[in-house]
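[1] Make a model of this:
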Amino acid sequence: MSEETTNATVEPGKRPGLLTVLCILTFIGSGLAALFSLLAAIGMGSLMESIPGMAGMGGGTAYFAVATVLAAASLFGAIQMWQLKKMGFFIYAGANVVAIVLPLAFGMPFSAMAAIFPILFIVLYYLNVKHMH
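    Numbering: from 1, shown residues only. Next comes the predicted model:
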């Protein structure tokens with residue numbers, strides 16, 4: 001019985017397995033999102049602005065620039081959580097909540113499907129905040 005309780009708890013200063021998996025997935029997802037958003041801000045935003053009738057759709061360069069900053073903030077938050085710093089959770093959660101509503105700020109439709117994974121990750125990270133300092 002005592003063996004079961006010891007396996008369920010994590011030693012102080014040691015990263016739990018779930019937190020490790022979440023951080024690695026975030027490194028991949030947010031890293032790629034930052035890269036693709038940056039490329040889109042440079043190329044696609046300019047392209048959309050040059051096509052007649054497309055300049056007002058999708059936010060163009062400004063949308064992708066903000067998305068790049070938010071993805072980078074999400075990545076930074078995950079790095080902080082990897083180091084077991086609680087502030088990383090707040091950076092990550094804040095950046096992702098803003099990213100969920102960002103399309104609305106640029107006159108684009110809200111996507112519930114695009115909100116599922118960020119909300120799921122925020123909840124799963126929240127369950128690990130107790131292991132951070």
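
[2] Centre-most residue in this protein?
    Central residue of the chain (C-alpha atoms, centre = their mean): residue 74, 4.0 Å from the mean position.

[3] Which stretches in this structure count as helices?
    Here the chain has its helices, by DSSP state H, at 2-8, 17-39, 45-50, 60-82, 87-105, 112-126.

[4] CSV for the ones you listed, including distance to residue 132 and mean pLDDT?
    For the C-beta atoms, the positions are set from N, CA and C on the backbone; glycine is no exception. Below are these laid out as CSV (distance: least, C-beta to C-beta, whole Å; pLDDT from 0 to 100):
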stretch, distance to residue 132, mean pLDDT
helix 2-8, 18, 45
helix 17-39, 8, 97
helix 45-50, 36, 65
helix 60-82, 7, 95
helix 87-105, 7, 97
helix 112-126, 9, 96
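
[5] Need the winner for burial among those helices.
    Most buried of the helices of the chain by mean neighbour count (mean count of other C-beta atoms under 10 Å) is helix 60-82; its value is a mean of 21.

[6] what's the angle from that helix to helix 112-126?
    For helix 60-82 and helix 112-126, the angle between their directions (axes from the mean of the first three to the mean of the last three C-alpha atoms, to 10 degrees) works out to 20 degrees.

[7] What helices and strands are in contact with helix 60-82?
    Helix 60-82 is packed against helix 17-39, helix 45-50, helix 87-105, with contacts defined by 3 or more C-beta pairs under 8 Å, 6 or more residues apart in numbering; DSSP states H and E.

[8] who wins for proximity to residue 127 among the ones you listed?
    With distances scored as C-beta to C-beta, the stretch of the helices and strands packed on helix 60-82 nearest to residue 127 is helix 17-39 (7.5 Å).

[9] Could you list every helix and strand in contact with the closest one?
    Contacting helix 17-39 under the criterion 3+ C-beta pairs under 8 Å, 6+ apart are the following elements: helix 60-82, helix 112-126.

[10] Please convert the ones you listed to TSV, extending it with distance to residue 39.
    Formatted as TSV, the helices and strands packed on helix 17-39 follow (distance: least, C-beta to C-beta, whole Å):
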stretch	distance to residue 39
helix 60-82	8
helix 112-126	19
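
[11] Residue 31: which of the ones you listed is closest?
    Proximity to residue 31 (C-beta to C-beta) singles out helix 60-82 among those, at 5.8 Å.
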